[in-house]
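In: After the sequence you'll find the predicted model.
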Amino acid sequence: MTIAGNDVPYFETSAGPCPAFEVLGPSRQTVPLVFCSPHSGRAYPADFIALSRLKGDAVRRSEDLFVDRLFDFVPEIGAPLLVARFPRAYLDLNREPYELDPAMFDGELPAHVNAVSPRVAGGLGTIPRIVAERQEIYNGRLSAAEGLGRINRIYFPFHRQLAQLVEATVQRFGMAVLVDCHSMPSSVRPLPGNRRPDMVVGDRFGTSADARYVAAAMTELRSLGYDVVRNKPYAGGYITEHYGRPRNNVHAIQIEISRGLYADEAAFVPSNGFARMHDNLRRFVEAFAADLAAEASRPAAAE
């Protein structure tokens, strides 16, 4: 079931109008989980393509390939999945709302812009300057009105929707675990010992989620045969940091999946491993939901 709020914006693509984001929701939520895929959008706004110097697949290098499809079973298990349909190269939802590089824009930006974050310096702010492999996106500067318009028109409604899903989950179950779903290139810089993990579970170094839930997620993924590490090289971005409030019974974890396990990264198509990954992630979510239910049923420890 697709749930669309009244403030969901649309944009024009070569194939016609497209919603900026959608909630794929169950008929009735039965588990205290909320899933989010902010970087898997592959519907490219026509005005963005007109402004970009990158054509064809070159502009797609920042996509979290098919992560929305990998987790499309989530509503069947009783949890909502919030999916961005526009690409990360157009607007990055996993940033602060105003992480902007003034050198990208003509016109005045608000005084509260964060122009000095490491992400802005690397070209990966809220309005990215580059895609992966450090390719410049635009032919020239954008107008400040264009950049701020994307943030006002899409960024804030998306985060309002995500906040509503989390709050409704807390109201229903007394807690919520937000799982922010991403993918990483298989060529990511290796960890010591030349180790390239299959998955990375991020909890902002122990600040965004109770350690019990992080451990449960990692245990279930490892039980499926994956090499799983915690926080390195990805500890979680704005979504994990902003929504994770363990003291308020809101926990947020980020999961990064190596694209080489399920996709042809050069051709931007699913590989023969896609079905296996899809099935294994379903097993993971079912087991993780059962772990949460068992944890919730345990008596509270004495103070």
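Out: Received it, and whenever you're ready, just let me know what you need.

In: And the strands in the stretch 101-250 of the chain, which stretches?
Out: Taking DSSP state E, counting those that start in this stretch as the test, the strands found in the stretch 101-250 of the chain are 105-106, 130-131, 135-136, 142-143, 176-184, 199-202, 228-230, 250-258.

In: Name the surrounding residues that touch the fourth one.
Out: It refers to strand 142-143. Strand 142-143 is contacted from outside by 51, 104-107, 127, using C-beta atoms under 8 Å, 6 or more residues apart in numbering. C-betas here are computed from N, CA, C, even on glycine.

In: Just the mean pLDDT for that strand, thanks.
Out: For strand 142-143, the mean pLDDT works out to 97.

In: that older thread, can you add distance to Ala121 and give the strands of the stretch 101-250 of the chain back as a markdown table?
Out: Shown next, in a markdown table, are these (distance: least, C-beta to C-beta, whole Å):
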| stretch | distance to Ala121 |
| --- | --- |
| strand 105-106 | 16 |
| strand 130-131 | 11 |
| strand 135-136 | 15 |
| strand 142-143 | 18 |
| strand 176-184 | 21 |
| strand 199-202 | 21 |
| strand 228-230 | 26 |
| strand 250-258 | 22 |
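
In: Now mean neighbour count and distance to Phe86 too, for those strands, in TSV please.
Out: Formatted as TSV, the strands of the stretch 101-250 of the chain follow (neighbours: other C-beta atoms under 10 Å; distance: least, C-beta to C-beta, whole Å):
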stretch	mean neighbour count	distance to Phe86
strand 105-106	16	19
strand 130-131	20	14
strand 135-136	14	19
strand 142-143	15	16
strand 176-184	25	16
strand 199-202	24	23
strand 228-230	19	30
strand 250-258	25	20
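
In: Select, out of those, the one closest to Ile77.
Out: strand 176-184 (11.7 Å; C-beta to C-beta).

In: Identify the neighbouring strands of that closest one in the sheet and state each direction.
Out: When sheet partners are counted by DSSP bridges, strand 176-184 sits next to strand 33-37 (parallel), strand 250-258 (parallel).

In: so after the last one, what's the next helix or strand?
Out: Put plainly, it is strand 250-258. Tracing the chain past strand 250-258, the next element assigned as helix or strand by DSSP states H and E is strand 263-264.

In: for the shortest one, same thing?
Out: Where DSSP H and E defines the elements, the next helix or strand beyond strand 33-37 is helix 46-51.

In: Alpha carbons only: can I get that following helix in PDB?
Out: C-alpha atoms of helix 46-51 as PDB (Å, rounded to 0.1, in the frame of the first residue of the first chain):
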ATOM      1  CA  ALA A  46      14.100  17.200 -16.300                       C
ATOM      2  CA  ASP A  47      15.400  20.500 -15.100                       C
ATOM      3  CA  PHE A  48      18.300  18.900 -13.300                       C
ATOM      4  CA  ILE A  49      19.300  17.000 -16.500                       C
ATOM      5  CA  ALA A  50      19.300  20.300 -18.400                       C
ATOM      6  CA  LEU A  51      21.600  21.900 -15.800                       C
END
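
In: Offset the numbering so it begins at 437, please.
Out: With the count now opening at 437, the last piece we talked about shows up as helix 482-487.

In: for it, what is the average pLDDT?
Out: When pLDDT is averaged along helix 482-487, the result is 95.

In: What residues of it count as buried?
Out: The neighbour-count check on helix 482-487 (16 or more other C-beta atoms under 10 Å) flags Phe484 as buried.

In: And the contacts of it?
Out: Residues outside helix 482-487 that contact it (C-beta under 8 Å, 6+ apart): 447-450, 491, 495, 523, 525-526, 574-575, 578.

In: about what we covered before: can I get the strands paired with strand 612-620 in TSV including distance to Gly585 and mean pLDDT?
Out: Formatted as TSV, these follow (distance: least, C-beta to C-beta, whole Å; pLDDT from 0 to 100):
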stretch	distance to Gly585	mean pLDDT
strand 469-473	23	98
strand 686-694	28	98
